[in-house]
Structure formats: structure tokens, C-alpha cells
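Student: make a model of this:
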Amino acid sequence: MKILPHLHTKGYYRTAAAAFFFIQGLVFASWASRIPDIKDHLGLNEAELGGILFAIPVGQLLAMALSGYLVSRYGSRKILTIAAVLYPLSLIFIGAVNTSVQLIAALLFFGVTANLCNISVNTHAVGVERIYNRSIMGVFHGLWSFAGFCGGLISTVMVSMDITPFNHFIIIFAVSTILLISARTYMLPRDYTEKPRNDAPKEKKRVFVMPDKFIFLLGLIAFGGMVCEGTMFDWSSVYFESVIDPPKNLVRLGYIAFMSTMALGRFTADKMVTRFDMIPVIRVSGLLIAAGLLISVIFPYLISATAGFLLVGFGVSSIIPLCYSMAGKSKTMIPSIALATVSTIGFFGFLLGPPVIGFIAHASSLRWSFAVIAMVGLLTSIFVGALKKVN
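Tutor: Just a heads-up that it's a prediction; the model follows:
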């Protein structure tokens, strides 16, 4: 196993991986929290915004197979380094748009780079988790959510200072570049990231393997989780602006509340898994999502909706990192391909969720849209029970 000579403890690997999760979360939150501003800048209604938001998951899906291949071929270290440059750079393109067509093109590129970053950083994290020989994926995703929380606060400050999305995104690119330069030296070497377990069958070394029932079911659970995540990322601020109608400086309160408990939930997820196991944690997560969304729908007021979004944050927090962690331990596929498979199925949630929200909102109301997503959270809680039967 190749180890960089100046790295003597596994803590360096963990810190470096955490920095890349922070970059990814900061970039996504910077985009998500400025959606209302870009929507207003282009004069889009809910249906138009919903249609344009298709571009992000389409870009992610287009890059899905390629991302898995590139990471398995060249290693997560090299691909993650490239992705950590391109992903923040895509924000600048979004900030420069003046037409709907330009926004679609920018969001396609944003989706491609997001997926490349997602697959490489989670594959890298699986390698670090293997060194620790216990669940630490929740903490990594907690850093993603904490970055999202920070990104929401930064956006609030930017808006209060009348800083345009373009200038805001340039600042985020600069911060991300500094973090990348600082962390790259301490990244886990590629050959250990892709090292198979000693008890893994030979088939695991194959790159292209049909997913078994366990991986497919993980994908379906990730699908439900990503529908709910995508809804909150893309529509929570719009929901507050349109339905709750708070003062302008509180429009992002729901998004910040969601991101704060999402981060807290992920930082505690590993302890919950150690005590209760993964399946019960995911089951409770689905129930919290449903309860939180229904509270915000039935009681569309500032305090109650914020409380509901706090519950949704706790609910969403564990589903995706636990699905990725279980996928990375697949007995039939190498980590990057297993992750890409689960992500491919799951990202259909990002593909369908946010746009469907827009279409339902345009046909009826945004409150009805959120009620539908509450049912998705409930179904996720029900489906997870089948994991024991197929594992």
C-alpha cells in the first residue's frame, strides 16, 4: 500500500476528506440559497423554474456512468481534485446568466460537475472509513450539511449587502480553491481507496456488474431521500417566500433551519447507527420527514413552518450517507461503481422531485406539492424494512 511519507496518522486522511465534503456543501448551498434571486432576476414563475431545474439532475445523470468509470480507472484522489475545481467554477457561470437558455446550460454543467464531485468524494470517504473499520460516513456528510448551513448564512449576508449572485459566487470559488490547495496533500492514496476486502469474491473486482437486489433497493431508498432533499434545497426558500410570506430578511430562515438540523443529524448519525443499527435509523428518518413537511403544510406560519423544516432536516440527514456507506460495502461491486449505481437510481429523485414540485404548485399550490413529498418520506420509511430480506 502506497502511503505518502509525511502522513503518519489516519487523522490526516479524515481531515482532508472532510474538507472536500465542506467544499461540496458550500458550493451547493450557495446555489440553492440564491435561487429566489435568480428566479426574480429572470422573471420566472414556479412552472418555468421547475422546468429549468430539470437541467441539474439531467447533467448529473449524464455524468453518472462516466464518473464511476473515471474514479475506478484513475482513482478518487485525482478525479476529486479536478472536480473540486470545476464544481465551484460552475457557480460563476450560473451567476453570469441573463436568459433562461443560459441558465439551463449553466445548470447542466453544474449537474455534471456535481456528480463528478459526489462520486469521487464518497468513494474517497469509503476508503477512509475502511481504515477506521467503523461508520464515519455520517460525519463526512455532516460536514457537507454544516457547509450548507454556513452557505445559507453567507448568502443572507450577501443579500443584505446587495451583493449580486455573480460576485457572491466568485468569493465562494476563491474560498473553495484555498481549501482544495490546503487539503490535497493529505488525501488518501488511490490504491488504498480502491483496495477490495480480503473476503470479497473475485467478481467484486469487475467494473461493470449488474446490481443485485440489495443495491437496487438501496437505490430506491436513496431515491426517496433525494426527492426530499432536492425539494428542500430548491424550494424551501421559495416556499417561505410564497406561502409563509415573512419579512424579506427571513425568507431563507426555513432553508437555514433545515440545513442546521441536517448537519446536526449527520454528526450524530454514526452514534445512532452504532446503538440502533442502520435500518431503524433510516425508518425513523422517513417518519420525521413526513411529520415535518405535514406540519409546515397544515400550519403555514413562520414558527410552525420553521419547526417543521427543523424536523425534515433531522429526517433527511441520515438516509443518503447510510445508503452510500452500505453501498460501499457491496459484496459484488467495487466501491465507486456501487456508489455510482445507487446514486444513479437515487438521483432520479433529484430529477423528478423539484420539477414536479413546480408543476404541482403551478396547477394547485405549493402547499399541496409539499404534502406529496411528505408521502414520499413516509414510503421511504416503509421500504427500508425490505433491506434485511435481500441482504
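
Student: what about the biggest helix by length in the chain, distance to the chain center?
Tutor: Counting by DSSP state H, the longest helix found in the chain is helix 100-132. Chain-centre distance of helix 100-132: 9 Å, with C-alpha atoms, centre = their mean, to the nearest Å.

Student: flag the shaky bits of the protein, pLDDT-wise.
Tutor: Applying pLDDT under 70 to the chain flags the ranges 1-9, 190-211, 335-336, 351, 389-391.

Student: what's the neighbour count on the closest residue to residue 90 other than its chain neighbours?
Tutor: Distances taken as C-beta to C-beta, 6 or more residues apart in numbering put residue 110 closest to residue 90, at 4.3 Å, once the chain neighbours are dropped. Every C-beta, even on glycine, is put in place using the N, C-alpha and C of the backbone. Applying other C-beta atoms under 10 Å, we find 25 residues neighbouring residue 110.

Student: same check on residue 277?
Tutor: Residue 277 is flanked by 11 other residues according to other C-beta under 10 Å.

Student: and it, how far is that from residue 139?
Tutor: Per C-beta to C-beta, to the nearest Å, residue 277 is found 18 Å from residue 139.

Student: just residue 357 next, same as before
Tutor: Computed as C-beta to C-beta, the residue 357 to residue 139 distance reads 30 Å.

Student: now do the helices in the stretch 251-391 of the chain.
Tutor: 253-276, 278-298, 302-327, 335-363, 366-383, 387-390 (DSSP state H, counting those that start in this stretch).

Student: before we move on, the earlier item: residue 357 and residue 139: who's more crowded?
Tutor: Higher neighbour count among residue 357 and residue 139: residue 357, with 27 against 21, using other C-beta under 10 Å.

Student: quick check: angle from the longest helix of the chain to helix 302-327?
Tutor: Going by axes from the mean of the first three to the mean of the last three C-alpha atoms, to 10 degrees, helix 100-132 is angled at 60 degrees with respect to helix 302-327.

Student: CA atoms only: put the helix or strand just after helix 100-132 into CSV for me.
Tutor: Remark: after helix 100-132, the chain's next helix or strand is helix 137-160, criterion DSSP states H and E. The C-alpha coordinates for helix 137-160 follow below in CSV (Å, rounded to 0.1, in the frame of the first residue of the first chain):
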residue,chain,number,x,y,z
MET,A,137,-19.8,8.4,6.8
GLY,A,138,-22.4,10.4,8.7
VAL,A,139,-19.7,12.8,10.0
PHE,A,140,-18.5,13.4,6.5
HIS,A,141,-22.0,14.2,5.3
GLY,A,142,-22.4,16.3,8.4
LEU,A,143,-19.6,18.5,7.2
TRP,A,144,-21.4,18.8,3.9
SER,A,145,-24.5,19.9,5.7
PHE,A,146,-22.6,22.2,8.1
ALA,A,147,-21.1,23.8,5.0
GLY,A,148,-24.6,24.2,3.6
PHE,A,149,-25.6,25.9,6.9
CYS,A,150,-22.7,28.2,6.5
GLY,A,151,-23.5,28.8,2.9
GLY,A,152,-27.0,29.8,3.8
LEU,A,153,-25.7,32.3,6.4
ILE,A,154,-23.2,33.7,3.9
SER,A,155,-26.0,34.1,1.4
THR,A,156,-28.1,36.0,3.9
VAL,A,157,-25.3,38.4,4.5
MET,A,158,-24.6,38.8,0.7
VAL,A,159,-28.3,39.6,0.1
SER,A,160,-28.4,42.1,2.9
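
Student: if you count contacts, what does helix 137-160 end up packed against?
Tutor: helix 10-32, helix 100-132, helix 165-184, helix 253-276, helix 302-327 (3 or more C-beta pairs under 8 Å, 6 or more residues apart in numbering; DSSP states H and E).

Student: again, 10 Å this time
Tutor: Using 3 or more C-beta pairs under 10 Å, 6 or more residues apart in numbering; DSSP states H and E as the contact test, the elements touching helix 137-160 are helix 10-32, helix 35-42, helix 100-132, helix 165-184, helix 213-239, helix 253-276, helix 302-327.

Student: residues of the first one that come out buried?
Tutor: Using 16 or more other C-beta atoms under 10 Å as the burial criterion, the residues of helix 10-32 that qualify are 12-14, 16-32.

Student: can you get me the centre-to-centre distance for it and its chain?
Tutor: Distance of helix 10-32 from its chain centroid, counting by C-alpha atoms, centre = their mean, is 11 Å.

Student: and it with helix 213-239, angle?
Tutor: Using the same axes, to 10 degrees: helix 10-32 against helix 213-239 is 50 degrees.

Student: what's the angle between helix 10-32 and helix 253-276?
Tutor: Using the same axes, to 10 degrees, the direction of helix 10-32 lies 150 degrees away from that of helix 253-276.

Student: just the CA coordinates for helix 10-32, please, in PDB.
Tutor: C-alpha atoms of helix 10-32 as PDB (Å, rounded to 0.1, in the frame of the first residue of the first chain):
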ATOM      1  CA  LYS A  10      -5.200   8.300   9.700                       C
ATOM      2  CA  GLY A  11      -6.500  11.600  11.100                       C
ATOM      3  CA  TYR A  12      -4.900  13.400   8.200                       C
ATOM      4  CA  TYR A  13      -6.900  11.400   5.700                       C
ATOM      5  CA  ARG A  14     -10.100  12.000   7.600                       C
ATOM      6  CA  THR A  15      -9.500  15.800   7.800                       C
ATOM      7  CA  ALA A  16      -8.600  16.000   4.100                       C
ATOM      8  CA  ALA A  17     -11.800  14.100   3.100                       C
ATOM      9  CA  ALA A  18     -13.900  16.300   5.400                       C
ATOM     10  CA  ALA A  19     -12.500  19.400   3.700                       C
ATOM     11  CA  PHE A  20     -13.800  18.200   0.300                       C
ATOM     12  CA  PHE A  21     -17.200  17.500   1.700                       C
ATOM     13  CA  PHE A  22     -17.200  21.000   3.100                       C
ATOM     14  CA  ILE A  23     -16.300  22.400  -0.400                       C
ATOM     15  CA  GLN A  24     -19.100  20.400  -2.000                       C
ATOM     16  CA  GLY A  25     -21.700  21.500   0.600                       C
ATOM     17  CA  LEU A  26     -20.700  25.100   0.400                       C
ATOM     18  CA  VAL A  27     -20.900  25.200  -3.400                       C
ATOM     19  CA  PHE A  28     -24.400  23.600  -3.500                       C
ATOM     20  CA  ALA A  29     -25.800  25.800  -0.700                       C
ATOM     21  CA  SER A  30     -24.500  28.900  -2.400                       C
ATOM     22  CA  TRP A  31     -26.600  28.000  -5.400                       C
ATOM     23  CA  ALA A  32     -29.600  26.800  -3.600                       C
END
